[in-house]
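[1] Provided below are the primary sequence and the corresponding predicted coordinates.
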Amino acid sequence: MPELPEVEVTRLSVAGVTGARVLGLRLGKPLRWPLGAEPEVAHGRTVGEIQRRGKYLWLPLLNAGQADGGLLWHLGMSGSLSWLAQAPPAGPHDHADLHTDRGTLRLTDPRRFGAVVWSPALGQDPAAKLLARLGPEPFDPALTPQGFHAALRQRRVAIKQALLSGELVVGAGNIYASDALFEAGIDPRTRCDRIAAARAARLLAAVQRVLTEAIAAGGSTLKDFKDAHGTVGQYQGQARVYGREGQACQRCGGTIKRLVQGQRATYYCPGCQH
DNA sequence: AATGGCGCCTGAACGC
DNA sequence: TGCGTTCAGGCGCCAT
């Protein structure tokens, strides 16, 4: 799924839920992690402002104005949220419904790698444990080219896999990691500690540029993804290399190649990336 | 400590 | 048409 752009597009499209009063929480088949509380805990609470951290969404649920709990959502690989004025009966892949007086927030996730987890706060367990290993946000001003380079120097894995891990910077999954490396002109197999400062700076800028473009395009819809109003993303049509094996590189005209790293497909242009 | 690999679950696309 | 195989956007956990 859903990489950072899709989660951000989802966040923006469900903003209307803020201020709604929760009528009930219904869960379907088990998701990746259990809710960790009785669904009734949400009842009668007021929805606060939805936030994003990495590929997670945090929905505060205020109890008489007190911020003492909320729901942490993850879309896994095939999940999407819908904001429904009139929710039809839950289908076989609808595994969470947050019913409110303004509509229903519904998680649809065929593969069930997603999750909805109750937590007393974003900074407390279980949410804190799930977020503990996340690297910096890509648009955090504290993430400098110098800091990014310093983090790269401590790793020997291939840069593509390091980007996927989210420990250097969160948000780039398989689509955007490939495209960002193309933008930066870096071979995806390059060891992190062989990337000099100038190239590291170029890579960080490329990650930011690709993610920004993807958010503007409404994300990528390879199959399941839709925003909360049912709109599909458009980035997949403008991908630089992702999913374009055998096609011509837009920059040099060479042929885009596919390889496998850590059991994941990587796409790159041998002519443009070194 | 860092790294590589596995598995969770379902559906679609493909080859025979 | 039917069946088996392969592949998918993530990520925590395990063994090395």
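    Sure thing, it's come through.

[2] count the residues that sit near the residue nearest to residue A:53 when sequence neighbours are not counted.
    The shortest distance from residue A:53 to any non-neighbouring residue, by Cβ to Cβ, 6 or more residues apart in numbering, is to residue A:131 (5.7 Å). From N, CA and C alone the C-beta is placed, and that goes for glycine too. For residue A:131, the neighbour count with other Cβ atoms under 10 Å is 17.

[3] state the pLDDT value of the residue nearest to residue A:100 when sequence neighbours are not counted.
    Spatial nearest neighbour of residue A:100, chain neighbours left out: residue A:20 (3.6 Å); criterion: Cβ to Cβ, 6+ apart. We have a pLDDT of 98 for residue A:20.

[4] one more: the one 10 residues further on?
    For residue A:30, the model assigns a pLDDT of 93.

[5] care to break chain A down by domain?
    A:4-131, A:145-239 (automatic domain parsing).

[6] how much space between residue A:218 and residue A:10?
    10 Å (Cβ to Cβ, to the nearest Å).

[7] shared neighbours of the two, anything?
    Shared contacts of residue A:218 and residue A:10, defined by Cβ atoms under 8 Å, 6 or more residues apart in numbering, comprise residue A:227.

[8] between these two, who's got more neighbours?
    Ranked by neighbour count (other Cβ under 10 Å), residue A:218 and residue A:10 place residue A:10 first, with 26 against 20.

[9] wasn't the more buried one part of a strand?
    No: the assignment for residue A:10, made by DSSP: H, G, I helix; E, B strand; the rest coil, is helix rather than a strand.

[10] so it makes contact with residue A:228?
    Yes: between residue A:10 and residue A:228 there is a contact at 6.0 Å, judged by Cβ atoms under 8 Å.

[11] intersection of neighbour lists for the two?
    Contacts common to residue A:10 and residue A:228, judged by Cβ under 8 Å, 6+ apart, are A:80, A:81.

[12] next up, phi/psi of the residue nearest to residue A:53, please.
    Main-chain torsions, residue A:131, degrees, to the nearest 10: phi -100, psi 0.

[13] how much space between residue A:158 and residue A:266?
    9 Å.

[14] more neighbours: these two, which one.
    residue A:266 (23 against 18).

[15] any idea which element the more buried one lies in?
    strand A:264-268 (DSSP states H and E).

[16] likewise residue A:73?
    strand A:70-74.

[17] and that strand, what does it pack against?
    When contacts are defined as 3 or more Cβ pairs under 8 Å, 6 or more residues apart in numbering; DSSP states H and E, strand A:70-74 sits against strand A:56-62, strand A:115-119, helix A:127-131.

[18] of those, which is nearest DNA strand C?
    helix A:127-131 (5.1 Å; Cβ to the nearest atom of the strand).
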